[in-house]
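1. Just to be clear, the model below is a prediction. Sequence and coordinates:
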Number of protein chains: 2
Amino acid sequence: MEYETPLFFHVMGYAAEADRDVIDMVSGNPDWEPPEALRDGLHEYADLESEYFQYPPSEGLRSLREEIATRRGVGLEQVVVTNGAGEANYLAMARALERDAGSEVILTDPVYSYYPGKTTMLGGEPRYVEAAEDGQLEPSAVREAASEETAAIVVNTPNNPTGAVYPESTVRELVAIAEENDAILVADEVYDHYDLSGTFSSALGVASDHRIITNAFSKSLAITGFRVGYAIFPLHLVDDAKSRHMLVNVAGSAPAQYAVLQALRETGPEYYEANRELLRERVDTFTAALEAAGAEYTRPDGAFYVLARFEGYPGTLANVERLIDEAGVAGMPGEAFGTAREDWLRFALVTPRLEEAADRLAEYFG
Amino acid sequence: MEYETPLFFHVMGYAAEADRDVIDMVSGNPDWEPPEALRDGLHEYADLESEYFQYPPSEGLRSLREEIATRRGVGLEQVVVTNGAGEANYLAMARALERDAGSEVILTDPVYSYYPGKTTMLGGEPRYVEAAEDGQLEPSAVREAASEETAAIVVNTPNNPTGAVYPESTVRELVAIAEENDAILVADEVYDHYDLSGTFSSALGVASDHRIITNAFSKSLAITGFRVGYAIFPLHLVDDAKSRHMLVNVAGSAPAQYAVLQALRETGPEYYEANRELLRERVDTFTAALEAAGAEYTRPDGAFYVLARFEGYPGTLANVERLIDEAGVAGMPGEAFGTAREDWLRFALVTPRLEEAADRLAEYFG
């Protein structure tokens, strides 16, 4: 098979087996608390009559889909609840490729590590468009790469790993490019609640039957292990997406969906704002340490990640392992995210020991 | 797209919207209680530290995989925890087809409704072998259908919808046929805890690197909505299956896996035996009513289902809807399971109102 396993699991395994204390800045697992209502929802579910323990509707609990449809201002029929954003992206990309309207999938470089593997697994061919130094995507570069061979354009905003948040003008242009080339824009907006800049613009805001929005509660509710996400499809694409979802997974997990619904209903905006505030502080702390260590770095407008480049220390897997062993900080190698940032390291700001990690890096490289 | 949505959801929707009281014998949702330890496990999980709410290992919680490996007597590395048997079958069939060793998938007729759709979705071509009148599968008929074009042979024992339980000799022969043709036997054994005859024989008992066993806790623990299943792969096939699992779903749902593990550890054999005893009584009650109604019927050796044929009342979708409206009993049309039993109706013995349903049928057809 042609598709690769993302490096995440390799690096996490290496860090776990290291002979010393290691601060984990590898994965995108929030270290802050989920809303209290989520725990309450799970307790409530555990005491329900056993008929609630049986198959939920394949496309998701109806009340959860209604909640999502209302919040996002779309029709109920457009919403499919998935096993996290991972399945949502898989379904969206499969739909785009199944239309017999080209087999190329335009991805950005740097790229979120799962997209190339999904593309190849689904029989598509990745075609990369390099992002600018600041992580922004030039619509003109995407337009140049697009053709009748383009089946999908897959973007992630707020972006992992660059932290870029695409302005409304970019999103609008990406939808237009998809329409011009009979392609589907797949907009993965899983970090939408972590827009630190206030400039996030959802592709939902641009009316079109050439875009699919994917999302999940994994990051926004700090529950990556629950596996509850969703996709919003144009009506003419949704039925086949539901069929594939049914044939692959039958349905998502009912206890997780139930708990998410309770959390959504009972959690106010202050929960999300507090998490953004925490992240803003961490960005300040961590980039100050990088500055002190003389590193180049990105300052994220959204999501959880900082890219850093240390003089004479390219972000290879070997150097990531050396950093684990010698500095006790685990990041991700830049090569996991395409070629554009091969020299860089990615650090996820999701550890309560962030200051300590910053100190370790400053000392190691300083 | 070429793959169809199973009829289940259509029939369940029709029954739910009927103007009268309807007894649901459509889906395979157990109506008996899950083990108490399952509820306890969910409560316990809900109070864990929030790090337990993050991504479980992609291939499943390690302790759950260890429990499965020990129970099944296989290596830990062979076990992948999936989103129910649905995903387990999807991964197994994908692996079989990806080997470039043929594109035909041998299925039985009658067939479990999801297999043909999965086959087509994965680019394979179904080839049917008709089961005998009693639901048994003649290995000689499978051998005749098999060739170098055969990628997989997919069977389900105990069988849905026939209730047949394949003897050890059949299972051994199926493995041999897979080996002879460089095919993979996919043995879906999700009803293994509902062997009412004591004759069930797992394909795990036949050592081979040409067979994949799929299973789930959906039926055995009466939790079809939790979506926790597993597949046991030969070592040379497991890595690519794990990659696909990761690229489609990232991981399964952690709360469900945690609760299943607690239930497995703390539930004794008497739980499973009590459910089998309940089913045996229901088989007696229901088949007696069919006898009284002058119907032909199967008497299941395993699983939850009875097939019945009523004179002058073929098991079409139209007749299923008529039976819902006129008799207040919802079954599945035989046409949902291939061509061999098109004239028959399938009734799932998973309602506490089984006697009432039997009376209604006896009265309607009597």
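-> On my side now, so go ahead.

2. For the stretch 251-366 of chain A, list the residues in contact with chain B, please.
-> For the stretch 251-366 of chain A, the residues in contact with chain B (Cβ under 8 Å from any Cβ of the partner chain) are A:251-256, A:259. C-beta coordinates here come from the backbone N, C-alpha and C atoms, glycine included.

3. make it 7 Å
-> With Cβ under 7 Å from any Cβ of the partner chain as the criterion, the stretch 251-366 of chain A comes near chain B at residues A:251-256.

4. where do the strands sit along chain A?
-> A:23-24, A:79-82, A:104-109, A:125-130, A:150-156, A:184-188, A:211-216, A:229-232, A:296-297, A:305-309, A:329-330, A:332-333, A:345-348 (DSSP state E).

5. Would you tell me which of those strands gets closest to B:Gly302?
-> In terms of Cβ to Cβ, the element of the strands of chain A nearest to B:Gly302 is strand A:79-82, at 32.7 Å.

6. So what's the gap between that closest one and the chain middle?
-> Centroid separation for strand A:79-82 versus its chain: 16 Å, with Cα atoms, centre = their mean, to the nearest Å.

7. What are the phi and psi values at the residue nearest to A:Asn275 when sequence neighbours are not counted?
-> Residue nearest to A:Asn275 in three dimensions, not counting chain neighbours: A:Trp32, with 5.6 Å by Cβ to Cβ, 6 or more residues apart in numbering or on different chains. A:Trp32 has phi and psi values of phi -90, psi 170 when expressed as degrees, to the nearest 10.

8. wouldn't A:Trp32 be in contact with A:Ala274 here?
-> No: with contacts defined as Cβ atoms under 7 Å, A:Trp32 does not count as touching A:Ala274, sitting 8.2 Å away.

9. before we move on, back to that, export the strands of chain A to JSON lines and tack on mean pLDDT, mean neighbour count and distance to B:Arg360?
-> Below are the strands of chain A laid out as JSON lines (pLDDT from 0 to 100; neighbours: other Cβ atoms under 10 Å in any protein chain shown; distance: least, Cβ to Cβ, whole Å):
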{"stretch": "strand A:23-24", "mean pLDDT": "96", "mean neighbour count": "21", "distance to B:Arg360": "60"}
{"stretch": "strand A:79-82", "mean pLDDT": "98", "mean neighbour count": "27", "distance to B:Arg360": "35"}
{"stretch": "strand A:104-109", "mean pLDDT": "98", "mean neighbour count": "24", "distance to B:Arg360": "54"}
{"stretch": "strand A:125-130", "mean pLDDT": "98", "mean neighbour count": "17", "distance to B:Arg360": "57"}
{"stretch": "strand A:150-156", "mean pLDDT": "98", "mean neighbour count": "27", "distance to B:Arg360": "51"}
{"stretch": "strand A:184-188", "mean pLDDT": "98", "mean neighbour count": "28", "distance to B:Arg360": "49"}
{"stretch": "strand A:211-216", "mean pLDDT": "98", "mean neighbour count": "27", "distance to B:Arg360": "45"}
{"stretch": "strand A:229-232", "mean pLDDT": "98", "mean neighbour count": "27", "distance to B:Arg360": "40"}
{"stretch": "strand A:296-297", "mean pLDDT": "96", "mean neighbour count": "16", "distance to B:Arg360": "72"}
{"stretch": "strand A:305-309", "mean pLDDT": "96", "mean neighbour count": "24", "distance to B:Arg360": "61"}
{"stretch": "strand A:329-330", "mean pLDDT": "96", "mean neighbour count": "26", "distance to B:Arg360": "64"}
{"stretch": "strand A:332-333", "mean pLDDT": "95", "mean neighbour count": "26", "distance to B:Arg360": "62"}
{"stretch": "strand A:345-348", "mean pLDDT": "96", "mean neighbour count": "26", "distance to B:Arg360": "60"}
